[in-house]
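Participant: Quick one: sequence and predicted model below, then my questions.
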Amino acid sequence: MELRFRPSPQPLSARQRKLLAREARREERAQQPSAASQALRRALAWKAEIDSTATSRADISRREGITRARVTQLLSLTDLPPEQQAQVLGQEGQYAMMSVRAALRLAARPAGSPAPDD
């Protein structure tokens, strides 16, 4: 049996460690639901609560610790067509890393209008 010399791997440079850490964070974020997906889930829950009980937007804002205007903004996400809601919730394609701001712009567009060129 012949023993071969294997050199030990070179230690990583500071730049290589930084790049590896950045890639790990990016992969971790990709595993988590997007901000738009989380906001739409909250809005759908609030809408169901408003429809089923006598809860007002002011009640929700006090409970959640946010302004009534923000509650109204997020509830506007429920105006998205069901296909787009499913895509945002499923994080498919262009909706995978969507921000809340981008989702609100999408909800504010009139139905049938083309997507803005960002």
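Facilitator: Noted; the coordinates are in hand. Since we're looking at a predicted model, the values are computed, not measured. Residues are numbered from 1 along each chain as shown.

Participant: hey, let's count contacts and neighbours off CA atoms from now on
Facilitator: Noted.

Participant: Could you identify the helix or strand that succeeds the host helix or strand of residue 26?
Facilitator: In this structure, residue 26 sits in helix 14-31 according to DSSP states H and E. Going down the chain from helix 14-31, the next helix or strand is helix 35-52, by DSSP H and E.

Participant: And stretch 11-20, how far out from the chain middle?
Facilitator: 29 Å (C-alpha atoms, centre = their mean, to the nearest Å).

Participant: repeat for stretch 70-90
Facilitator: 12 Å.

Participant: Now do it: everything it contacts.
Facilitator: Applying C-alpha atoms under 8 Å, 6 or more residues apart in numbering, the contact partners of stretch 70-90 are 36-41, 43-44, 46-47, 57, 60-61, 93, 95-96, 98, 103-104, 106-108.

Participant: Report the contact partners of residue 98.
Facilitator: For residue 98, counting by C-alpha under 8 Å, 6+ apart, the contacting residues are 34-37, 88.

Participant: what's the residue closest to the geometric middle of this structure?
Facilitator: residue 34 (1.7 Å; C-alpha atoms, centre = their mean).

Participant: tally of neighbours for the residue lying closest to that one once chain neighbours are set aside?
Facilitator: Leaving aside its sequence neighbours, residue 34 sits nearest to residue 97 (C-alpha to C-alpha, 6 or more residues apart in numbering; 5.3 Å). Applying other C-alpha atoms under 10 Å, we find 18 other residues in the vicinity of residue 97.

Participant: Residue 97 touches residue 32, doesn't it?
Facilitator: No: counting by C-alpha atoms under 8 Å, residue 97 stays clear of residue 32, with 9.5 Å between them.
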